[in-house]
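# One predicted model, sequence on top.
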Amino acid sequence: MSVPQSIGDTAPPPAHVAIIMDGNGRWAKARSLPRIAGHQRGARAVRSAVEAARELGIGYLTLYAFSSENWKRPETEINDLMGLLRLYLQRELADLHRSNVRMRFIGDTSLLPKDIQKLVESATATTSGNTGLNLIVALNYGGRNEILRAAQALAQKARDGEIEPADISVEKFAEQLDTAGIPDPDLMIRTSGEKRLSNFLLWQMAYAELVFLDTLWPDFTKDHLAAAVAEFQGRDRRFGATSA
Ligand code: IPE
Ligand code: IPE
Ligand code: MG
């Protein structure tokens, strides 16, 4: 059992929650439906998660929507996923903007269909001045690829004489990542019972608290997010030090 930090004192909610939204295919299979039906219901769960994050006062929400390994899936499923992403970006932008949500994207978006790249740019630009929830969508995202791209950028700067290799610090490295300026996730939630990171935010999750839920992503509700946040608030984060 974890003990509250002090009597009557509730730990603050996590500043940044990252979610691996997994289990759409199994949700569909359990109902003898095509996988796309699971992804469609998954998109509805995204709406609940975003609303819940706003209500809970979470500053940053990062959602893993498409991994750099998801290209291994059949072309028809990739097309279905891109189609849903297109719809989501077209249909939700106005509402998100009205709700003061700032949208950002991480991952190598240059490999996505051109029209989706345009939607990504427009969502980023339209909401760039918003001051409410920061919603970060990981698209064609892979942690190792992100770290590699950062290393390449720093190596180039060193070759151009802009930086001394010995001056590359944790902070300078982090500035080269897609998440530059975004605090590290405090809490990572993965649905569907799988207990792995699947190449998600490898650098940034060094000290994240991990919560694994058996719930399949299409069944994810606001209550699941609230319960995961409560579990987080009961944990003793030591960051390598001794307890207070
Ligand atoms: C998550 O659900 C959605 C994406 C990875 C895009 P899955 O499609 O991985 O569902 P399962 O894991 O097959 O149940
Ligand atoms: C991780 O889920 C990627 C996303 C949720 C977008 P996967 O379903 O692709 O992960 P694995 O293959 O089970 O590790
Ligand atoms: Mg999966």
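Yep, that arrived. Ligands and ions are numbered 1, 2, ... in the order given.
# What's the first helix or strand after the longest helix along the chain?
Identified as the longest helix of the chain according to DSSP state H is helix 75-98. Using DSSP states H and E, the helix or strand that follows helix 75-98 in sequence is strand 102-106.
# So what's the gap between that following strand and the chain middle?
When distances are taken as Cα atoms, centre = their mean, to the nearest Å, strand 102-106 is centred 10 Å away from the chain's centroid.
# what is the orientation angle of that strand with helix 75-98?
In terms of direction (axes from the mean of the first three to the mean of the last three Cα atoms, to 10 degrees), strand 102-106 departs from helix 75-98 by 150 degrees.
# ok, strand 102-106: who's next to it in the sheet?
As defined by DSSP bridges, the strand partners of strand 102-106 come to strand 134-141 (parallel).
# Output the set of residues of the chain in proximity to ligand 1.
Met21, Asp22, Gly23, Asn24, Gly25, Arg26, Phe66, Asn70, Leu81, Ser192, Trp217 (Cβ under 6 Å from any ligand atom). For the C-beta atoms, the positions are set from N, CA and C on the backbone; glycine is no exception.
# If we only consider the residues you listed, which is nearest to Val50?
Closest approach to Val50 among the residues of the chain next to ligand 1 (Cβ to Cβ): Met21, at 11.7 Å.
# hmm, back to that, and the longest helix of the chain, what other elements does it pack with?
helix 35-56, strand 60-67, helix 114-126 (3 or more Cβ pairs under 8 Å, 6 or more residues apart in numbering; DSSP states H and E).
# In PDB, list the C-alpha atoms belonging to it.
This file holds the C-alpha atoms of helix 75-98, laid out as PDB (Å, rounded to 0.1, in the frame of the first residue of the first chain):
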ATOM      1  CA  GLU A  75      -1.900  -2.400 -46.900                       C
ATOM      2  CA  THR A  76      -5.700  -2.400 -46.500                       C
ATOM      3  CA  GLU A  77      -5.400  -1.900 -42.800                       C
ATOM      4  CA  ILE A  78      -2.800   0.900 -43.200                       C
ATOM      5  CA  ASN A  79      -5.200   2.600 -45.700                       C
ATOM      6  CA  ASP A  80      -8.100   2.300 -43.200                       C
ATOM      7  CA  LEU A  81      -6.000   3.800 -40.400                       C
ATOM      8  CA  MET A  82      -4.900   6.700 -42.600                       C
ATOM      9  CA  GLY A  83      -8.500   7.200 -43.600                       C
ATOM     10  CA  LEU A  84      -9.600   7.400 -40.000                       C
ATOM     11  CA  LEU A  85      -6.700   9.700 -39.200                       C
ATOM     12  CA  ARG A  86      -7.800  12.000 -42.100                       C
ATOM     13  CA  LEU A  87     -11.400  12.000 -40.800                       C
ATOM     14  CA  TYR A  88     -10.300  12.700 -37.200                       C
ATOM     15  CA  LEU A  89      -8.100  15.700 -38.200                       C
ATOM     16  CA  GLN A  90     -10.800  17.100 -40.500                       C
ATOM     17  CA  ARG A  91     -13.700  16.600 -38.100                       C
ATOM     18  CA  GLU A  92     -12.200  17.300 -34.700                       C
ATOM     19  CA  LEU A  93     -10.000  20.300 -35.400                       C
ATOM     20  CA  ALA A  94     -12.700  22.900 -35.000                       C
ATOM     21  CA  ASP A  95     -13.900  21.500 -31.700                       C
ATOM     22  CA  LEU A  96     -10.400  21.000 -30.400                       C
ATOM     23  CA  HIS A  97      -9.500  24.600 -31.300                       C
ATOM     24  CA  ARG A  98     -12.700  25.900 -29.600                       C
END
